[in-house]
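Undergrad: Give me the fold of what follows.
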Amino acid sequence: DLKDLQVDLKEHFRIMRNCDQVAASLAAISGSDLETGIMAEALERFQKMQDYIITEYAEEVAHKGMDAAKQLTEKRKRAAGGDEEEAEERLAQQAEKDAKEMLKRLEQEKELEGNMEKL
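TA: Numbering: from 1, shown residues only. Predicted structure coming up:
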């Protein structure tokens, strides 16, 4: 930035003597300016607020996902009921059912993509 300022001082303002010192002084003045300090503080405050909101939202979404997974696990346990062999068999059937559903959805997605390409 200092080099750019020096170039501007030379080319635009035609300041040739002590250009390096003038540029350094202007940079120091702009860096210590009260308005610059206030703006930097406001920007930092806004960034911290944004980071806080994003963090809170991410934690909320993660907790919802974990709760949903826990409920699904509990549901599967209740559905399994009975003895262990029955439970394992039911879980295997459910996993097979889930896999078929996933394949069906993937096929539907490919079909939709094909239709979109035709358009």
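Undergrad: which helices and strands does the host helix or strand of Arg45 pack with?
TA: Per DSSP states H and E: Arg45 is located in helix 34-80. On a contact count with 3 or more CB pairs under 8 Å, 6 or more residues apart in numbering; DSSP states H and E, helix 34-80 meets helix 84-118. Every C-beta, even on glycine, is put in place using the N, C-alpha and C of the backbone.
Undergrad: and if we set it to 10 Å?
TA: helix 19-32, helix 84-118 (3 or more CB pairs under 10 Å, 6 or more residues apart in numbering; DSSP states H and E).
Undergrad: could you give me the average pLDDT of it?
TA: Helix 34-80 shows a mean pLDDT of 84.
Undergrad: Hey, what's the angle from it to helix 19-32? Just curious.
TA: On the basis of axes from the mean of the first three to the mean of the last three CA atoms, to 10 degrees, helix 34-80 is oriented at 50 degrees to helix 19-32.
Undergrad: most remote residue from this protein's center?
TA: Each residue of the chain has a distance to the centre, and by CA atoms, centre = their mean the biggest one is for Arg17: 49.7 Å.
Undergrad: so who does that one touch?
TA: The contact partners of Arg17, by CB atoms under 10 Å, 6 or more residues apart in numbering, come to none.
Undergrad: Look up how far Glu74 lies from Leu91.
TA: From Leu91 across to Glu74, the span is 13 Å (CB to CB, to the nearest Å).
Undergrad: More neighbours: those two, which one.
TA: Counted by other CB atoms under 10 Å, Leu91 and Glu74 do not tie: Leu91 has more neighbours, with 14 against 10.
Undergrad: Over to Met16: give its phi and psi.
TA: Taking degrees, to the nearest 10, you get phi -110, psi -40 for the backbone angles of Met16.
Undergrad: Run a quick neighbour tally on it.
TA: 8.
Undergrad: which SS class is the residue nearest to it when sequence neighbours are not counted?
TA: Spatial nearest neighbour of Met16, excluding adjacent residues (CB to CB, 6 or more residues apart in numbering): Lys10 at 6.3 Å. At Lys10 the chain is in helix, as set by DSSP: H, G, I helix; E, B strand; the rest coil.
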